[in-house]
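> make a model of this:
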Amino acid sequence: MKYVKVPTVLVCMALLPVLAVAEIQKAEHNAVLTDPANDVREGTDPGKDVVKVLIDSDGTNLTITTVLAKEAKYYLKGHTAGDVIRLNLDTDNDTTTGGKPFLYDTPGFEYLIEVGACIEYEGGGVVCAGGMKGAKEVNYFSTYTLKKYTKGSSTERISEAFHWKDRGMDIKGKNVVVKLPYSLMNLKSGQKVRFAVEEKDDASFKKKYMPEVLLTLK
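Numbering: from 1, shown residues only. Take a look at the predicted model:
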């Protein structure tokens, strides 16, 4: 019988699993993320279906525009207010520091921005979560809540644009827009920030997050 000697190194390499490396989009000053339509919960209170998120930096502020599949009025009129997206920010571009979003594979995030759509009612009533049954709606506006990761998936609230104090912007058409100053998150021009964006009402736990983007701020 003839024996054939096979190099050990080659055998070991053949047995190694093939690992897929997630691609991170890189962008300068602004970035555009897209999400499939019709992937949110259905029913009498339909989920707010996000199809695009625009992140823009101008050297002083971070402007986040969430584009819905239909006009915001479709999701809000007679229904409930609430968050549309959640943006996780890794401000030092280091996965060994910071927290980890719930049900997300990669850690390293310092801040969480929750972008919401609110309803204003006749008589001055305002809700940014839930609704006032039977009350007449007169306007819709955006809001945000900024949180800082403390340990693991835990966060603490830092700042929010809410109600009449600093209520964000009126919602026009499909766009829900908020603007946050760099100073709230200790951001500086030229800084590289990693974003992981979650569609709040996505019906699938596995597909809630859009592809990550590494943005160099203006």
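
> could you point out the helix or strand that follows the biggest strand by length in the chain?
Ranked by residue count under DSSP state E, the longest strand found in the chain is strand 137-151. The helix or strand immediately downstream of strand 137-151 is strand 154-161, counting by DSSP states H and E.

> if we can go back for a sec, counting contacts, what elements does the longest strand of the chain pack onto?
On a contact count with 3 or more C-beta pairs under 8 Å, 6 or more residues apart in numbering; DSSP states H and E, strand 137-151 meets helix 72-76, strand 111-121, strand 154-161, strand 175-181. C-beta here means a position set from N, CA and C on the backbone, and glycine is covered the same way.

> which ones are touching the closest residue to Lys218 other than its chain neighbours?
Spatial nearest neighbour of Lys218, excluding adjacent residues (C-beta to C-beta, 6 or more residues apart in numbering): His29 at 4.1 Å. By C-beta atoms under 8 Å, 6 or more residues apart in numbering, the contact list for His29 reads 56-57, 215-218.

> do the same with Gly98
Going by C-beta under 8 Å, 6+ apart, Gly98 touches 90, 92, 107-110, 149.

> also Val176?
Listed by C-beta under 8 Å, 6+ apart, the contact partners of Val176 are 65-66, 68, 72, 84, 115, 117, 142.

> what sits closest to Ile158 if chain neighbours are left out?
Leaving aside its chain neighbours, Ile158 sits nearest to Leu146 (4.8 Å; criterion: C-beta to C-beta, 6+ apart).
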